[in-house]
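> Sequence plus the predicted model coming up.
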Amino acid sequence: QLNVIIRSSLQNLREKIDQLKDLLLRAVSTRQITQLEGDRRQNLVDDLLTRQKQLQASYKNEGTEPDVIRSSLMTGGVKRGVTNPWLLEESEETRGLGFDDLKQQQRRIIEEQDAGLDALSSIISRQKQMGQEIGNELDEQN
């Protein structure tokens, strides 16, 4: 009965990871998130997939060092001198925030960026207008 539960849980984990991959692909393609954020999240999903495969191998008693694999599952994986830059500590700004709070913070940041872009657009439009007026004045003087 325990084996059935474990197999079922492993299959459920695999399905959830596949759903995450699909949702991430959709979010990047519809530009809900930036490409950089998509890459960061893709690396996290890939890490989950690796851990799922390690669990699967551990369950089937495959692999050369099952004790090392088991102990590394929850500590970030077996390190071979390569560190994953995407597995950095969470910043103080987002630590302890829930999904809705993070989403709200992300919207606020996007609104601030949009306001900055609007201001930049206004300045560039004004410079374009000034350039055209200078060009017209030069034409008149010539």
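That came through, no problem.
> what about the chain, any weak spots by pLDDT?
For the chain, the stretches with pLDDT under 70 are 62-90, 92, 95.
> Tell me how it divides into domains.
The chain breaks down by the TED database into domains covering 1-70, 95-141.
> With mean neighbour count as extra columns, can I get those domains in TSV?
Heads up, the C-betas are built off the backbone N, CA and C, glycines and all. Shown next, in TSV, are those (neighbours: other CB atoms under 10 Å):
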stretch	mean neighbour count
domain 1-70	13
domain 95-141	10
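> mind listing the helices for this protein?
Under the criterion DSSP state H, the chain contains helices at 2-29, 35-59, 66-73, 99-141.
> wait, what's in contact with the most centrally placed residue in the chain?
By CA atoms, centre = their mean, the chain has its centre lying nearest to R41, at 2.8 Å. Residues in contact with R41 (CB atoms under 8 Å, 6 or more residues apart in numbering) are L24, I33.
> that older thread, quick one, which of the helices of the chain is nearest to E93?
Proximity to E93 (CB to CB) singles out helix 99-141 among the helices of the chain, at 7.5 Å.
> Kindly provide the distance from L117 to I123.
As judged by CB to CB, to the nearest Å, L117 and I123 stand 11 Å apart.
> likewise V28?
The gap separating V28 from I123 is 31 Å, by CB to CB.
> cool, and V4?
Taken as CB to CB, the span from V4 to I123 is 65 Å.
> Then L44?
Taken as CB to CB, the span from L44 to I123 is 38 Å.
> One more: G116?
11 Å.
> ok, now D39?
32 Å.
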